[in-house]
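Novice: Okay, structure incoming, though there's no sequence with it:
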Ligand SMILES: Cc1cc2nc3c(=O)[nH]c(=O)nc-3n(C[C@H](O)[C@H](O)[C@H](O)COP(=O)(O)OP(=O)(O)OC[C@H]3O[C@@H](n4cnc5c(N)ncnc54)[C@H](O)[C@@H]3O)c2cc1C
């Protein structure tokens with residue numbers, strides 16, 4: 001069984017930042033990633049543009065050059081991939097961590113391919129794996145998806161998009177522009193206030209001119225083979241429909257972290273317990289890094305404000321080492 005000083009779970013931007021920091025400081029580490037490098041970004045919509053400008057997505061001050069101020073998904077893939085390959089980071093891909101147990105001397109980690117022991121564990125697993133489901137009849141039909149990739153697929157189709165935040169609005173606009181007949185179903189009474197400032201006027205104008213039909217204060221209540229049912233303030237509406245994109249957000253895998261002993265707040269936010277100075281959780285030796293820290297508040301943390309976690313965690317681990325060698 002291999003032993004590492006630090007096992008990093010998740011090879012997203014923040015897991016990679018932790019690995020760079022560990023490598024610079026001579027700590028023996030491995031990243032275990034269940035998919036390809038930056039798996040979440042790989043699964044983002046094909047044409048997605050970040051709301052952050054490229055310098056805000058940089059890790060370890062490595063310059064991120066993009067064509068426009070705000071980079072596209074492909075440029076981000078290129079950036080993070082090059083960091084991994086040119087720094088020869090120790091990353092094992094397509095290796096899912098299944099279990100982390102505290103032992104007498106540290107931790108035992110079981111993945112889909114191997115078993116490890118470690119002194120410290122950094123959990124940087126993000127929130128993109130589990131979509132917030134609608135829990136309505138028909139949600140199991142293959143025509144409904146919680147992930148959006150490419151607008152071409154929906155050309156000449158009747159598409160319902162559920163949601164009012166960036167993912168939903170980007171998908172609605174792109175698909176409309178590629179010839180889909182788009183209906184937006186929005187729970188509140190307006191387009192989400194956090195929608196990118198340069199996109200918001202576009203969607204509002206498309207709704208006002210009637211190019212995209214929007215139902216506000218409304219709920220999708222059923223999905224059928226060729227119809228959908230919407231609960232609106234004017235009563236129940238049944239529409240012809242080919243596809244549904246339910247882009248209502250994502251949540252961290254809470255079972256994964258609670259099984260390690262990490263405690264969550266008991267309110268709806270489900271905030272994991274950690275020390276904001278060191279990022280160490282209530283389980284001594286397990287640290288949280290990146291967007292997983294926000295619990296259900298997935299808009300609180302992003303690359304820009306969580307890349308700092310890497311330095312905080314590694315310096316806390318190093319300080320402990322100094323104390324133990326005095
Ligand atoms: C559509 C979208 C647009 C966004 N735009 C921006 C933006 O413009 N600017 C910004 O700063 N932020 C943005 N974010 C938010 C956030 O920055 C990203 O989610 C970012 O990827 C978070 O980095 P992370 O490393 O914390 O998590 P992730 O990138 O999600 O990385 C987590 C990794 O852990 C892996 N993993 C999960 N479970 C396991 C397991 N059990 N074993 C092994 N590996 C596992 C996953 O495969 C994944 O690769 C956006 C988010 C979304 C969804």
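Specialist: It's in. No experiment lies behind these values; they were computed from the predicted model shown.
Novice: got the residues of the stretch 201-326 of the chain near the ligand?
Specialist: Within the stretch 201-326 of the chain, the positions near the ligand by C-beta under 6 Å from any ligand atom are 256, 290, 291, 302, 303, 304, 306. Where you see a C-beta, it was placed from the backbone N, CA and C, and this is true even at glycine.
Novice: Next, give phi and psi for the first one.
Specialist: When read as degrees, to the nearest 10, the backbone of residue 256 gives phi -60, psi -40.
Novice: mind listing what it touches?
Specialist: By C-beta atoms under 8 Å, 6 or more residues apart in numbering, the contact list for residue 256 reads residue 125.
Novice: ok, now which ones touch the closest residue to residue 68 other than its chain neighbours?
Specialist: Excluding its sequence neighbours, the residue lying closest to residue 68 (C-beta to C-beta, 6 or more residues apart in numbering) is residue 49, at 7.7 Å. Shown in contact with residue 49 (C-beta under 8 Å, 6+ apart): 68, 70, 71, 72, 73.
Novice: just residue 62 next, same as before
Specialist: Residue 62 makes contact with residue 83 under the criterion C-beta under 8 Å, 6+ apart.
Novice: can you pull the contacts of residue 240?
Specialist: The contact partners of residue 240, by C-beta under 8 Å, 6+ apart, come to 158, 226, 227.
Novice: I figured the first one was touching residue 213, is that so?
Specialist: No: counting by C-beta atoms under 8 Å, residue 158 stays clear of residue 213, with 10.4 Å between them.
Novice: out of those two, which sits in the busier spot?
Specialist: residue 158 (18 against 14; other C-beta atoms under 10 Å).
Novice: Beta-bridge partners for the more buried one, please?
Specialist: residue 181 (DSSP bridges).
Novice: what's it in contact with, if anything?
Specialist: Each residue near residue 158 by C-beta under 8 Å, 6+ apart is listed here: 180, 181, 183, 239, 240, 241, 242, 243.
Novice: and if you look at residue 144?
Specialist: 138, 223, 243, 244, 245, 246.
Novice: Serialize the residues you listed to CSV and add fields for neighbour count, secondary structure and pLDDT.
Specialist: Formatted as CSV, the contacts of residue 144 follow (neighbours: other C-beta atoms under 10 Å; DSSP: H, G, I helix; E, B strand; the rest coil; pLDDT from 0 to 100):
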residue, neighbour count, secondary structure, pLDDT
138, 18, coil, 97
223, 23, strand, 98
243, 20, strand, 98
244, 24, strand, 98
245, 25, strand, 98
246, 24, strand, 98
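Novice: Please identify the residues of the stretch 1-150 of the chain in proximity to the ligand?
Specialist: Residues of the stretch 1-150 of the chain lying near the ligand (C-beta under 6 Å from any ligand atom): 9-15, 32-35, 38-41, 44, 48, 50-52, 96-97, 124-126, 128-129.
Novice: Show me what counts as buried in stretch 87-94.
Specialist: Neighbour counts over stretch 87-94 (16 or more other C-beta atoms under 10 Å) mark 89, 91 as buried.
Novice: So which residues of the stretch 101-250 of the chain form helices?
Specialist: 166-177, 200-208 (DSSP state H, counting those that start in this stretch).
Novice: So which of the residues of the stretch 1-150 of the chain next to the ligand sit within helices?
Specialist: Of the positions in those, 13, 14, 15, 39, 40, 41 sit in helices, assigned by DSSP state H.
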